[in-house]
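K.L.:
let's see this in three dimensions:
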Amino acid sequence: MNTHKNSIPVLSVAGSDCSGGAGVQADLKTFAAHGLYGMSIVLSVVAENTQRVITSYDVPSECIFAQFDAVFEDIPPRAVKIGMLGSEAIIECVAQSLERYKPRNIVIDPVMFAKNGFPLMPESIRKSFASTMIPHADVLTPNLPEASELCGFSVESLADMKQAAQILHGIGAKHVLIKGGHKLDNADDVLYDGREFHIFHAPKIATKNTHGTGCTLSSAIASNLALGLEVPEAIERAKHYISGAIVHALDLGKGNGPTNHLYVYNTD
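P.N.:
Prediction:
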């Protein structure tokens, strides 16, 4: 049996970003940067760039189910990253498919807002997301605005982050990583596993080019889980990777440029 890293499959279940900085495109680049074989199930086609989201078109349910069937009957992944879920129908499709195929190492990034505030997850379906999807998460990775929406209070301080992590763990996520990238003084994250907290310290990086950072971090965590790492080490390595991708971010477009997913190969 071939056990080379490149033969380890990882799956992105997310929306498509035609500008390449976030969504499925960011996930596949991240998988490649970790030496893994990336696959994708496209849930929505988002017309966006570094400045704005123009529109989003949801893939029909029958096509989503068919994509799950195509992947899992042939190349079952060792980890699954789930991103943008844009409708109630999509949530049901993904949840039913997870229940049917029962994949390992599910990382769910509750993508709610684009950088410009466009609601990629409509407010009307956020309660359904919480009750239907969160129990499937081996790792749930909300940022501060997303944690605030899911928990019903403003998550700002370290104490708030810990409280939010406990609430989301209580809903059913096995591990909750509250991301602190929106804080002004640092980018520390808080992990809670139901027993103890772990703080991942990181400084703020002075750049506007952060398009797709949430997608990239969650897909890096999935990559490391697929490689056999335990959750804390998978997150530690993913944090190191995303920090490098931000430091070497690409100054493309007129808005928030993308991170450099393949910086490890082109930093000369």
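
K.L.:
surely residue 219 touches residue 33?
P.N.:
No. Here residue 219 does not reach residue 33: they are 9.5 Å apart, not a contact under CB atoms under 8 Å. Using the backbone N, CA and C atoms, a C-beta is placed for each residue, glycine as well.

K.L.:
who's more crowded, the two?
P.N.:
When residue 219 and residue 33 are compared for neighbours, residue 219 comes out ahead with 36 against 22, by other CB atoms under 10 Å.

K.L.:
now do the helix ranked longest in the chain, average pLDDT.
P.N.:
Ordering each helix of the chain by length in residues (DSSP state H) puts helix 231-247 first. Mean pLDDT, helix 231-247: 95.

K.L.:
need the residues that contact that helix.
P.N.:
Residues from elsewhere that reach helix 231-247 (CB atoms under 8 Å, 6 or more residues apart in numbering): 30, 33-34, 138-139, 175, 177, 189, 191, 193, 198, 200, 202, 205, 207, 209-210, 213, 216-217, 220-221, 223-225, 227, 229, 259-261, 263-264.

K.L.:
for stretch 178-195, list the C-alpha coordinates in PDB.
P.N.:
Extracted as PDB, the C-alpha positions of stretch 178-195 are listed here (Å, rounded to 0.1, in the frame of the first residue of the first chain):
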ATOM      1  CA  ILE A 178     -12.200  30.500  19.200                       C
ATOM      2  CA  LYS A 179     -10.000  32.600  16.900                       C
ATOM      3  CA  GLY A 180      -8.700  35.900  18.100                       C
ATOM      4  CA  GLY A 181      -7.700  37.500  14.800                       C
ATOM      5  CA  HIS A 182     -10.200  40.300  15.200                       C
ATOM      6  CA  LYS A 183      -8.600  41.500  18.500                       C
ATOM      7  CA  LEU A 184      -6.600  44.700  18.400                       C
ATOM      8  CA  ASP A 185      -3.700  43.700  20.700                       C
ATOM      9  CA  ASN A 186      -2.900  40.200  19.700                       C
ATOM     10  CA  ALA A 187      -4.200  37.200  17.600                       C
ATOM     11  CA  ASP A 188      -4.300  34.700  20.500                       C
ATOM     12  CA  ASP A 189      -6.700  31.700  20.000                       C
ATOM     13  CA  VAL A 190      -8.500  29.700  22.700                       C
ATOM     14  CA  LEU A 191      -9.000  25.900  22.400                       C
ATOM     15  CA  TYR A 192     -11.400  24.000  24.700                       C
ATOM     16  CA  ASP A 193     -11.800  20.200  24.700                       C
ATOM     17  CA  GLY A 194     -14.400  19.900  27.400                       C
ATOM     18  CA  ARG A 195     -11.800  19.500  30.200                       C
END
